[in-house]
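Enquirer: here is a sequence with its predicted model. Questions after.
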Amino acid sequence: MKLNYSLVTRRTFLNTLFGGWIATFFLGSLYAVWRGAFPTLGKEPDFVVLPKPEDFLDIPTNSTKAFAWGGKLGYIFKRSDNTVVALKGVCSHMECNITYKPADRKFYCPCHKGWFDEYGKNIEGPPPKPLEFLEYRVEDNKLIVFKKGVKVELPKA
Amino acid sequence: MSCQKLRGWFLERYDFSDLKGFAKKKFVPEHKHDIWYYTGGAALFLFIIQFVTGMVLAFYYVPYFEQAHKSIIEIVTKLNMGWFFRSLHHWGAQLAIAFLFIHLFGTLLLKSYRKPREILWFSGFILLGFSIFFGLSGYFLLWDERAFAAVRVATGGLSALPILGETIKAFLRGGIDVTGETLVRFYAFHVCVLPMAFLGLLVLHLFLVQYHGMSLPLSQEGKKLKQEPFFPNVVYKDLMFWLVLLGIVVTLATLLPPEIGTKADPLAPPPENVKPEWYFLFLFQTLKLFPGDMYGLNGEVVAVLLVTAAILFFFLIPFFDRKSQQGLRSPVFTAIGVAYLAYFVIMTLVGYFS
């Protein structure tokens, strides 16, 4: 079918074509740059395996021993009543590492002066949430620390 | 080749009359507040020092987490003049940020942000933001305990922002935790991304200053003021001030070399009474004020949202201050400006001495 009149002028047609082409090109490039610049995120570990469980479990009462929970700090902690627990040593406020104060029987975050009691409850200062606890068990003379509810499957050696 | 010949060579090819005319036509008004005109120039000079000393340091610094800390120790102990450049870079940064804050509050209280200079204010504000990020990324490169804690807090705090928080945090950290990847990233920000972005915006900022001319405080508008030629009078005054500043920076750099803390260990708790650089102290103190639980709300989120809102209001102040937009005096916004300044100064002091 031949139209007597064109609906768009040749100028509008070309402007739209080139404009669209340029916009698509830049948006696509921006997206590609963003994808490139954004890191591939690792994941928090589901579990870690530590050799020599006795080094961790036989610590004195009212003390802690640090281990690496992925890139973060983890603690094996023997409370004053001799129960042993595993927890993440990271403040629930702004993620600074916390430290245990045996004299006060509290965890302390030096960054903004936050305090947690032996049960990880945030009792003073800015921390909005309690500390995060982990579970552990001993298997084949190894200490396995894992997230609650995670099924640990060790690679067969 | 004599200078005359060289001059002739250029004049045959380029017409400098526009430039000469511009230098001749530019005047700066004289009044009782005109000292504020020199604060921006002072910051500019300090940034020039930062660029030069930074380039020297970048030749020797190793942006890898196992070697970063050691490479700085080698710069200050083994390299010719290394201690001096590192110290100068440190003190230059401190003074540059101090002058940016002086420049900011001067502009705020004299209401130089009012119409038609809104974009000047915005570009300046973003330049200050870049500078603070320069500072954070710069002192993270030390890879010591304090820097490690500071970057964890700064990036961790951003994640409390709704919707975009987690994305920003991951982007800045280069992963879920602050690690060696973060160091490489911050190095790239510090020596490439930020300088490029900063220079681009600075060119716009300086161009707009020329385009609009110097801003007159409301109290001086309509008065018959003496006009001082920019070239050479104001330029010479600028240079005099810069020379004094150079003396101050070099003296500080020589007498008070900055310390290097213990190498960062992701599994060690930060040192007792750890504090960020002074220009973060007001934020640091603010964060300490908010309890974890505020009437059932998450205190951390409330704090971060309030701080963000306060900064946004500050940024958009040219739009809120309707009166000075119309050229009227606006005491309400003077009071707001004084309140911001007082909060900043008091919280910084409290943070410093606590």
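Expert: On my side now, so go ahead.

Enquirer: what sits against the spatially closest residue to A:Ala66 that is not a sequence neighbour?
Expert: Leaving aside its chain neighbours, A:Ala66 sits nearest to B:Leu267 (5.2 Å; criterion: CB to CB, 6 or more residues apart in numbering or on different chains). Backbone N, C-alpha and C define where each C-beta goes, glycine included. Taking CB atoms under 8 Å, 6 or more residues apart in numbering or on different chains, we find B:Leu267 in contact with A:66-68, A:73, A:89, A:97.

Enquirer: may I see the buried residues of whichever helix in chain B runs longest?
Expert: Longest helix in chain B by number of residues, with DSSP state H as the criterion: helix B:82-109. Within helix B:82-109, the residues that count as buried by 16 or more other CB atoms under 10 Å in any protein chain shown are B:82-101, B:103-109.

Enquirer: now do it: distance to the chain's middle.
Expert: Per CA atoms, centre = their mean, to the nearest Å, the displacement of helix B:82-109 from the mean C-alpha position of its chain is 7 Å.

Enquirer: do stretch B:318-326 as well
Expert: With CA atoms, centre = their mean as the basis, stretch B:318-326 stands 25 Å off its chain's centre.

Enquirer: using PDB, write down the CA coordinates of it.
Expert: C-alpha atoms of stretch B:318-326 as PDB (Å, rounded to 0.1, in the frame of the first residue of the first chain):
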ATOM      1  CA  PRO B 318      19.400  25.600  48.100                       C
ATOM      2  CA  PHE B 319      15.900  24.200  47.300                       C
ATOM      3  CA  PHE B 320      14.600  24.500  50.800                       C
ATOM      4  CA  ASP B 321      15.800  28.000  51.500                       C
ATOM      5  CA  ARG B 322      13.200  29.800  49.600                       C
ATOM      6  CA  LYS B 323      13.800  33.200  51.100                       C
ATOM      7  CA  SER B 324      17.500  33.600  50.200                       C
ATOM      8  CA  GLN B 325      16.500  32.300  46.700                       C
ATOM      9  CA  GLN B 326      14.500  35.500  46.300                       C
END
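
Enquirer: re the thing from before, A strand includes the residue nearest to A:Ala66, no?
Expert: No - using DSSP: H, G, I helix; E, B strand; the rest coil, the secondary structure at B:Leu267 is coil, not a strand.

Enquirer: quick one: it from B:Arg329, how far?
Expert: From B:Leu267 across to B:Arg329, the span is 58 Å (CB to CB, to the nearest Å).

Enquirer: same thing with A:Asp55?
Expert: In this view, A:Asp55 and B:Arg329 are 72 Å apart by CB to CB.

Enquirer: and what of B:Phe284?
Expert: Distance from B:Phe284 to B:Arg329, by CB to CB: 35 Å.

Enquirer: measure B:Leu255 to B:Trp91 for me?
Expert: The gap separating B:Leu255 from B:Trp91 is 10 Å, by CB to CB.

Enquirer: tell me where the longest helix sits in chain A.
Expert: helix A:10-37.

Enquirer: that one: what's the following helix or strand?
Expert: Proceeding N to C from helix A:10-37, the next assigned helix or strand is strand A:47-51, under DSSP states H and E.

Enquirer: what's the nearest residue to the spatially most central residue of chain A if we skip its chain neighbours?
Expert: Among the residues of chain A, A:Glu44 comes closest to the average C-alpha position under CA atoms, centre = their mean, at 5.2 Å. Spatial nearest neighbour of A:Glu44, chain neighbours left out: A:Gly70 (5.5 Å); criterion: CB to CB, 6+ apart.

Enquirer: the longest helix of chain A near chain B anywhere?
Expert: Yes - applying CB under 8 Å from any CB of the partner chain, one finds helix A:10-37 touching chain B at A:Ala37.

Enquirer: tell me the mean pLDDT over that helix?
Expert: Averaged across helix A:10-37, pLDDT comes to 95.

Enquirer: how far does the helix or strand bottoming out on mean pLDDT in chain B sit from its chain's centre?
Expert: Across the helices and strands of chain B, mean pLDDT, DSSP states H and E gives its lowest value to strand B:293-294, namely a mean of 78. Relative to its parent chain, strand B:293-294 has a centroid offset of 33 Å by CA atoms, centre = their mean.

Enquirer: pull up the pairing partners for that strand, direction included.
Expert: Using DSSP bridges, strand B:293-294 pairs in its sheet with strand B:297-298 (antiparallel).

Enquirer: quick one: the residue nearest to the spatial centre of chain B and B:Val307, what's the gap?
Expert: Of all residues in chain B, the one closest to the mean position by CA atoms, centre = their mean is B:Ser131, 3.4 Å from it. Taking CB to CB as the measure, B:Ser131 falls 18 Å from B:Val307.

Enquirer: ditto for B:Phe85
Expert: B:Phe85 sits 35 Å away from B:Val307, going by CB to CB.

Enquirer: also B:Phe282?
Expert: Distance, B:Phe282 to B:Val307, using CB to CB: 10 Å.

Enquirer: for B:Lys226, same thing?
Expert: 43 Å.

Enquirer: more neighbours, the two?
Expert: For B:Lys226 and B:Val307, the more surrounded residue by other CB atoms under 10 Å in any protein chain shown is B:Val307, and the numbers stand at 17 against 9.

Enquirer: just want the angle from the strand or helix carrying the more buried one to helix B:82-109.
Expert: Using DSSP H and E, B:Val307 sits within helix B:299-315. Compare the direction of helix B:299-315 with that of helix B:82-109 by axes from the mean of the first three to the mean of the last three CA atoms, to 10 degrees and you get 70 degrees.

Enquirer: where does pLDDT dip in the chain?
Expert: Since you didn't name a chain, this refers to chain A. Across chain A, residues meeting the criterion (pLDDT under 70) sit at A:1, A:156-157.

Enquirer: meant chain B actually
Expert: In the predicted model, chain B carries pLDDT under 70 at residues B:1.

Enquirer: how about the residues of it by chain A?
Expert: B:149, B:152-153, B:156-157, B:167, B:170-171, B:173-179, B:181, B:266-274, B:284, B:287-288, B:290-293, B:298-301, B:303.

Enquirer: if we use 7 Å, what do you get?
Expert: Within chain B, the positions adjacent to chain A are B:149, B:152-153, B:156-157, B:170-171, B:174-177, B:179, B:181, B:266-274, B:287-288, B:290-293, B:298-300 by CB under 7 Å from any CB of the partner chain.

Enquirer: cool, thanks, signing off.
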